[in-house]
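Novice: dropping the sequence and predicted coords here.
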Amino acid sequence: MLKKRLLEALITTEHLEFDLSEGTSMDSAGLQLLILLKREALAREKN
């Protein structure tokens, strides 16, 4: 569900930013999602 919502947000905005400064850890699923979003942004020529 989160993946779908983030991909929709990526499509509907010019700039998507995540503040992870308060995070203390991330599992591999979270990292995989961030990598997917970055690849999608690059494919759509977005930052």
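Specialist: Sure thing, it's come through.
Novice: all contacts plus neighbour counts: C-alpha atoms, from now on.
Specialist: Fine.
Novice: check which helix or strand covers the most centrally placed residue in the chain.
Specialist: Nearest to the mean C-alpha position of the chain, counting by C-alpha atoms, centre = their mean, stands Leu37 at 3.9 Å. Per DSSP states H and E, Leu37 falls inside helix 28-43.
Novice: what helices and strands are in contact with that helix?
Specialist: Where contact means 3 or more C-alpha pairs under 8 Å, 6 or more residues apart in numbering; DSSP states H and E, helix 28-43 is packed against helix 2-12.
Novice: tell me the helices and strands packed up against the helix it packs on.
Specialist: By 3+ C-alpha pairs under 8 Å, 6+ apart, helix 2-12 packs against helix 28-43.
Novice: can you rerun that using 6 Å?
Specialist: On a contact count with 3 or more C-alpha pairs under 6 Å, 6 or more residues apart in numbering; DSSP states H and E, helix 2-12 meets no helix or strand.
Novice: I'd like the distance from it to the chain centre, please.
Specialist: Mean-position distance between helix 2-12 and its chain equals 8 Å (C-alpha atoms, centre = their mean, to the nearest Å).
Novice: measure stretch 16-28 end to end?
Specialist: End-to-end distance for stretch 16-28: 21 Å, by C-alpha to C-alpha, to the nearest Å.
Novice: pLDDT averaged over that stretch - what is it?
Specialist: In this model, stretch 16-28 has a mean pLDDT of 95.
Novice: got the buried residues for that stretch?
Specialist: Residues of stretch 16-28 include none that count as buried (16 or more other C-alpha atoms under 10 Å).
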